[in-house]
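[1] Have a look at this prediction, sequence included:
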Amino acid sequence: MEACARVSNPPRRMTATAAKEALHDRVQRIADEAGARAVAVAWYDYETRKTWDLNGDEWFHAASTIKVPILLGVFGAAHRGVLVLDSRVHVRNRFYSAADGKPFRVESGRDANSEVHRHLGKTMKVNELAYHMIVTSSNLATNLLVDLVGIDEIRASVQELGVTGVELRRGVEDERAWEKGQNNRVTAKGLISVLRPIEQGTAFNVELSARMLEILHDQEFRSGIPAGVPESARVANKTGEISTVAHDAAIVYLPGRKPYCIVVLTQWEPGASSRSDTIARISRAVYEHLTAGDGRDG
């Protein structure tokens, strides 16, 4: 009997669905191995126009990532003529709790920035406060801007852009509101909807979008998402961290391809280590997924 020659088929590339399932498993494994209590990740890729998320609709305490929607609110107020970005604001440290209206202060020792505190009793420009709110994550600058613009005005700006998955309820360091559960919250998909108008130039107009993007590019905290991509990448991002959560939201620009937006939200037991490293590892997993097979080095 004539033997039949066995023809071996070439290995097939992983389907898009299988690749996304593999990314799901990889991200969850990274979070589980690090001991994270919860993780949510979302991305939107301008190269392929595709989206993906893991627990993208789950709510997390926003920490300082809420400062990006506040930035939208400030620039939205400027767009509507409610304020001028070059106007000056008296720098003070007295605010009123959303819980009971009683005054509170931002403790300088707990603030990531001392520059704004050095201006107490003096003035700073609105755009200077916006810069410090994002780049150095100044809580004092944040509360000054929230008071100046107003929470309702900020919410109106965010809603105008079609943002969902973001709840702004108060300023920062409002301990009495925190004790009553009045917290700012975000979802991973919600923060993606915040980043996209900024990148697309549709956050009110091209000029204002570009100014916000420049601020995000100057971010000083780079141990999360930026640490997971090659040094050749440019990253515009905003981190957020308190005792029980660590987040990062970013727009990643790689040579030779269109950018992608990525958000990583994580929840932890107080005192947990490796939080930034976990975000960086998840960032790396997403980067490798999005650039797989395109001929670039990892």
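    Received the coordinates, thanks.

[2] distance between stretch 215-229 and the chain's centre?
    10 Å (CA atoms, centre = their mean, to the nearest Å).

[3] Next, the buried residues of that stretch.
    215-216, 219, 221, 224-229 (16 or more other CB atoms under 10 Å). C-beta coordinates here come from the backbone N, C-alpha and C atoms, glycine included.

[4] And those residues, which two are furthest apart?
    215 and 228 (21.8 Å; CB to CB).

[5] close enough to count as contact, residue 38 and residue 54?
    No: contact criterion CB atoms under 8 Å: residue 38 and residue 54 do not qualify, at 10.6 Å.

[6] neighbour count winner among these two?
    Neighbours around residue 38 and residue 54, counted as other CB atoms under 10 Å, are more numerous at residue 54. The numbers are 20 against 14.

[7] Can you name the residues that contact the residue nearest the centre of the chain?
    With distances taken as CA atoms, centre = their mean, residue 249 lies nearest the centre of the chain, 2.6 Å away. By CB atoms under 8 Å, 6 or more residues apart in numbering, the residues touching residue 249 are 65, 68, 191-192, 194-195, 225, 237-238, 240, 261-264.

[8] can we see that at 7 Å?
    65, 68, 191, 195, 237-238, 263 (CB atoms under 7 Å, 6 or more residues apart in numbering).

[9] Compare those and tell me which is most surrounded.
    residue 191 (33 neighbours).

[10] Would it be right to say that it lies in a strand?
    No: applying DSSP: H, G, I helix; E, B strand; the rest coil, one finds residue 191 to be helix, outside a strand.

[11] follow-up on the earlier one: and the residue nearest to the centre of the chain, what are its bridge partners?
    With DSSP bridges as the criterion, residue 249 is bridged to residue 238, residue 263.

[12] measure it to residue 154 for me?
    For residue 249, the distance to residue 154 (CB to CB, to the nearest Å) stands at 17 Å.

[13] so what's the backbone phi/psi at the closest residue to residue 96 other than its chain neighbours?
    Computed as CB to CB, 6 or more residues apart in numbering, the closest residue to residue 96 that is not its neighbour in sequence is residue 103, at 5.8 Å. Note on residue 103: its backbone torsions stand at phi -70, psi 150 [degrees, to the nearest 10].

[14] close enough to count as contact, residue 103 and residue 94?
    Yes: between residue 103 and residue 94 there is a contact at 5.4 Å, judged by CB atoms under 7 Å.

[15] is it true that residue 196 touches residue 44?
    Yes: if you go by CB under 7 Å, residue 196 and residue 44 touch, sitting 6.3 Å apart.

[16] tell me, what's touching these two both at once?
    Common contacts of residue 196 and residue 44 (CB under 7 Å, 6+ apart): residue 261.
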